[in-house]
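Engineer: attaching a predicted model along with its sequence, questions to come.
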Amino acid sequence: MIYDVVIIGAGASGLMAASRMRNKSVAVVDGFDRIGTKIIVSGGGKCNVTNEIVTPKQYDGDSGFFRAVYERFTNRNLLAWMEERGVVPTKQTRVVKNQYFCKSSQEMIDLFRKATRHATFFMNEKVISVQKGDLFTMQTAKQKLQARKVIVAAGGISYDQIGATDIGFQIAKQFGHEIVRPDPALVGFTVLPEQRWFTELSGLSTEVILSVDDRTIRGNILCAHKGITGPAIMVSSLWWRKGKISLDFVPDISLEKLLKGQGNKSLSTILPLPKRFAKGILDALKLEDKPLDRYSSEEKQRVAQIKAYQFAPAGTFGFKRAEVTRGGVATDKIDPSTMESQLCRGLYFTGEVLNITGELGGYNLQWAFSSGWVCGEMITKLP
Ligand SMILES: Cc1cc2nc3c(=O)[nH]c(=O)nc-3n(C[C@H](O)[C@H](O)[C@H](O)COP(=O)(O)OP(=O)(O)OC[C@H]3O[C@@H](n4cnc5c(N)ncnc54)[C@H](O)[C@@H]3O)c2cc1C
């Protein structure tokens with residue numbers, strides 16, 4: 001059989017694209033045994049589908065391209081689309097503000113099962129290669145599939161334990177697209193020996209204001225065996241390239257005011273931080289925990305670093321732990337009004353495989369849904 005469209009990847013964007021194309025013969029091929037594996041694990045099993053505030057500022061990649069796609073299927077459109085199908089997410093603040101969560105990720109899986117009934121699914125069937133003649137031919141682990149059009153919705157390369165492969169990047173390269181270097185993002189940082197103190201406090205968390213590049217991020221950091229993580233760190237990993245990150249451990253409080261008139265108290269008792277955390281910072285700053293009055297003026301200057309503690313991450317926890325892949329297929333040769341390749345007619349790219357990556361908070365699923373929707377909607381209107 002020759003399909004009108006073969007979709008590589010039964011993830012968020014592939015499923016959304018499939019759901020739009022009721023008037024086409026659609027096959028969806030996935031290497032994993034279940035659809036939407038990342039939807040299932042997302043949002044701690046409650047699928048954080050989108051955010052109340054979605055703008056290009058929350059995305060790495062070409063903001064003009066993002067906007068052109070997103071404006072066609074926004075957070076409001078997504079919420080309405082879900083509501084029409086009986087799924088009503090609620091707005092909550094768990095790790096960042098204004099997140100929309102489902103009761104359970106399974107709601108989204110059930111929704112997509114219904115919305116894609118017209119499609120034929122080939123599960124447990126990895127795509128190995130794609131060839132283009134008059135038609136596209138996909139060689140899978142089990143058979144050859146032929147189609148007039150192909151949507152590459154194969155995601156990024158993080159979390160390969162639940163199906164990720166680099167097939168999307170391979171296909172893009174084969175047809176002449178550039179790949180912006182893939183890096184792990186929305187992930188924790190490993191630390192250099194000078195910051196081992198974070199690992200010794202494993203399990204402790206505190207709120208900070210973090211500065212990376214020209215961005216400030218407010219949220220919790222969490223000390224871990226391997227280094228440092230938590231929402232603020234994970235968001236910063238999207239923006240960090242190299243160089244230093246700065247942490248303000250006592251946000252909204254002026255040190256001057258905090259320390260005023262407290263000369264006879266030790267710093268660890270004054271700082272509004274978990275005691276072990278406060279001691280960890282003092283160790284890191286090579287400060288003895290003694291009454292304030294006994295600090296020399298040089299030591300007092302070091303105390304000031306509590307509001308601007310600088311460190312350079314050693315690296316990240318890697319792709320296996322990264323919620324997303326930053327980088328991917330360059331968008332310069334993709335038409336944002338259709339998601340079609342400008343280098344190969346009939347070849348489309350949607351979702352995380354592209355060089356558009358969002359912050360924590362529902363931004364990546366929103367992108368996967370917006371780009372999948374635009375692609376499916378355009379193809380369905382073609383004769
Ligand atoms: C633990 C975790 C939690 C997350 N939580 C959230 C959240 O709450 N909110 C949010 O917005 N984002 C979240 N994300 C990110 C979000 O899930 C992804 O960005 C989004 O699912 C990407 O959608 P996609 O369709 O582009 O790719 P994917 O959903 O990754 O789908 C790609 C599909 O392609 C298949 N595939 C890969 N290679 C092949 C091949 N060779 N042959 C056939 N099939 C193949 C895969 O098996 C997969 O099913 C989370 C990610 C993780 C890992």
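Structural biologist: Perfect, I can see it now.
Engineer: just give the nearest non-adjacent residue to residue 46, would you?
Structural biologist: For residue 46, ignoring the flanking residues on the chain, the nearest one in space by C-beta to C-beta, 6 or more residues apart in numbering is residue 101 at 4.6 Å. Yep, even glycine has a C-beta here, placed from its N, CA and C like the rest.
Engineer: relative to the ligand, how far out is the nearest residue to residue 54 once chain neighbours are set aside?
Structural biologist: Excluding the flanking residues, the one nearest residue 54 by C-beta to C-beta, 6+ apart is residue 75, at 4.9 Å. Distance, residue 75 to the ligand, by C-beta to the nearest ligand atom, to the nearest Å: 11 Å.
Engineer: point to the residue nearest the middle of this protein.
Structural biologist: The chain has residue 324 as the residue nearest its centroid, 4.2 Å off, counting by C-alpha atoms, centre = their mean.
Engineer: care to break this structure down by domain?
Structural biologist: Under the assignment automatic domain parsing, the domains of the chain span 2-184+322-381, 189-316.
Engineer: still on that earlier bit, surely the residue nearest to the centre of the chain touches residue 354?
Structural biologist: No. Using C-beta atoms under 8 Å, residue 324 is not in contact with residue 354; the gap is 11.6 Å.
Engineer: so how many other residues sit close to the residue of the stretch 201-350 of the chain found nearest the ligand?
Structural biologist: Nearest residue of the stretch 201-350 of the chain to the ligand: residue 323, at 3.9 Å (C-beta to the nearest ligand atom). The number of residues packed near residue 323 is 21, by other C-beta atoms under 10 Å.
Engineer: next one: phi and psi at it?
Structural biologist: Main-chain dihedrals, residue 323, degrees, to the nearest 10: phi -70, psi -30.
Engineer: quick check: it touching residue 234?
Structural biologist: Yes. If you go by C-beta under 8 Å, residue 323 and residue 234 touch, sitting 7.2 Å apart.
Engineer: anything in contact with each of those two?
Structural biologist: By C-beta atoms under 8 Å, 6 or more residues apart in numbering, residue 323 and residue 234 have these common neighbours: 186, 187, 360.
Engineer: restricted to helices, list those residues.
Structural biologist: Here DSSP state H is the test, and the shared contacts of residue 323 and residue 234 give no hits in helices at all.
Engineer: CSV for these, including pLDDT?
Structural biologist: Output for the shared contacts of residue 323 and residue 234, formatted as CSV (pLDDT from 0 to 100):
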residue, pLDDT
186, 98
187, 98
360, 96
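Engineer: filter the residues you listed to the buried ones?
Structural biologist: The neighbour-count test (16 or more other C-beta atoms under 10 Å) marks 186, 187, 360 as buried among the shared contacts of residue 323 and residue 234.
Engineer: right, I'll leave it there.
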